[in-house]
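Q: Got a predicted structure here, sequence first:
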Amino acid sequence: MIATKFIPITPAIAAALSELQGLIGDRFPTGTVDVAESTGPLGIFLDVAVNLEDTSR
């Protein structure tokens, strides 16, 4: 099955996503950043997973 794109990725959106991925990657080099599209609510999302130190100890 071919995925349907609901939001066209324009050059400006691609540049913004790339910049955000770079900023997150610079701050959290072991983290992961995935770009996802959703229809409810309609949008393009960055799914980010990072490990943080437990500062409560």
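A: Great, that's in hand. Residues are numbered from 1 along each chain as shown.
Q: Local confidence estimate at the residue lying farthest from the centre of the chain?
A: Using C-alpha atoms, centre = their mean, the residue of the chain lying farthest from its centre is R57. It sits 30.3 Å away. With respect to pLDDT, R57 has a value of 73.
Q: where in the chain is pLDDT low?
A: Low-confidence segments of the chain, defined by pLDDT under 70: 1-5.
Q: the strands in it, which residues?
A: Ranges of strands in the chain, per DSSP state E, are 32-39, 42-49.
Q: could those strands be laid out in CSV, adding distance to P11?
A: Any C-beta I mention is one placed from the backbone N, CA and C, and that applies to glycine too. Formatted as CSV, those follow (distance: least, C-beta to C-beta, whole Å):
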stretch, distance to P11
strand 32-39, 15
strand 42-49, 14
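Q: Same list, those, but as a markdown table with mean neighbour count please.
A: What follows is the strands of the chain, written out as a markdown table (neighbours: other C-beta atoms under 10 Å):
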| stretch | mean neighbour count |
| --- | --- |
| strand 32-39 | 12 |
| strand 42-49 | 11 |
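Q: Looking at the ones you listed, spot the one closest to I13.
A: strand 42-49 (6.9 Å; C-beta to C-beta).
Q: got the angle for the closest one vs strand 32-39?
A: Counting by axes from the mean of the first three to the mean of the last three C-alpha atoms, to 10 degrees, strand 42-49 points 160 degrees away from the direction of strand 32-39.
Q: Export only the CA atoms of strand 42-49, formatted as PDB.
A: What follows is strand 42-49, C-alpha atoms only, in PDB (Å, rounded to 0.1, in the frame of the first residue of the first chain):
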ATOM      1  CA  LEU A  42      -3.700  17.400  10.600                       C
ATOM      2  CA  GLY A  43      -0.100  18.200  10.800                       C
ATOM      3  CA  ILE A  44       3.600  17.300  10.600                       C
ATOM      4  CA  PHE A  45       5.100  16.200  13.900                       C
ATOM      5  CA  LEU A  46       8.500  15.500  15.200                       C
ATOM      6  CA  ASP A  47       8.600  12.400  17.400                       C
ATOM      7  CA  VAL A  48      11.600  13.000  19.700                       C
ATOM      8  CA  ALA A  49      13.100  10.500  22.200                       C
END
